[in-house]
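Colleague: This is the structure alone, sequence omitted:
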């Protein structure tokens, strides 16, 4: 669930339709997730190590007569645990980008499961990759006076990869049928 890189799925091969053939063809599909470097197994190991060190240090203070300190070491472990849990809760957020024959759909889901969806007509869509010297870059999708930015949490290379893949899928969709 919490891999070392954001999850990116690209469909850039031949378009696919459903079995009934009535749904628009899918030309591109990407799911973008924020980076989380520590997976569940690593989190368990880290928490066991922190709890062990805190218990040993707290026991030392308890044995020399400073018993109130023991509780503060337990409180530290609890606060570290809660900080990681909040971070993992934030990792439930994602952005999904789908390019079909008739629309490019951007769905953004926040950590609470609430979502917002933007639809663009692909023939008029403009992609602008903004990479400032400082601060996070972003890919801005613009059409008919509306715009939405995607991939703020991606690295520069991942944003460039996403832009190239989406631009290629749009070019193939816009190309006249031969």
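Modeller: Ah, there it is. Just so we're clear, the structure is a prediction, and the values are computed from it rather than from any experiment.
Colleague: can we go C-alpha only for contacts and neighbour counts from here?
Modeller: Fine.
Colleague: in stretch 56-68, what's buried?
Modeller: Across stretch 56-68, burial judged by 16 or more other C-alpha atoms under 10 Å covers 58-59, 61.
Colleague: again, but for stretch 111-122
Modeller: Using 16+ other C-alpha under 10 Å as the burial criterion, the residues of stretch 111-122 that qualify are 119-122.
Colleague: Show residues contacting that stretch.
Modeller: For stretch 111-122, contacts defined as C-alpha atoms under 8 Å, 6 or more residues apart in numbering pick out 89-93, 99, 101-109, 143, 148, 170.
Colleague: I'd like to know which of these are buried.
Modeller: 91-93, 99, 101, 103-109, 143, 170.
Colleague: returning to that earlier point: so which of the buried residues of stretch 56-68 is the closest to residue 85?
Modeller: Residue 85 lies nearest to residue 58 out of the buried residues of stretch 56-68, by C-alpha to C-alpha, at 23.7 Å.
Colleague: Just list whatever residues bridge to residue 105.
Modeller: According to DSSP bridges, the residues that bridge with residue 105 are residue 98, residue 119.
Colleague: list the contacts for it?
Modeller: So residue 105 contacts 96-99, 117-120 (C-alpha under 8 Å, 6+ apart).
Colleague: and with 6 Å instead?
Modeller: Taking C-alpha atoms under 6 Å, 6 or more residues apart in numbering as the contact definition, residue 105 lies against 97-98, 118-119.
Colleague: tell me which of those is nearest to residue 49?
Modeller: residue 97 (39.7 Å).
Colleague: count of neighbours near that closest one?
Modeller: As a burial measure, residue 97 scores 22 neighbours (other C-alpha atoms under 10 Å).
Colleague: So it is in contact with residue 30, correct?
Modeller: Yes. Contact criterion C-alpha atoms under 6 Å: residue 97 and residue 30 qualify, at 5.1 Å.
Colleague: Okay, domains of this structure per the record?
Modeller: Annotated domains of the chain cover 26-36+91-174, 40-90 [automatic domain parsing].
Colleague: Could you tell me which of the buried ones among the contacts of stretch 111-122 belong to strands?
Modeller: Using DSSP state E, 99, 104-109, 143 are the members of the buried ones among the contacts of stretch 111-122 that sit in strands.
Colleague: Which two of those have the greatest separation?
Modeller: Taking C-alpha to C-alpha as the measure, those span a maximum distance of 21.5 Å, between 109 and 143.
Colleague: Strands of the protein, start to end?
Modeller: Remark: strands assigned in the chain by DSSP E are 26-32, 94-100, 104-109, 115-120, 126-130, 138-143, 146-150.
Colleague: For residue 49, which of those is the nearest?
Modeller: strand 94-100 (30.7 Å).
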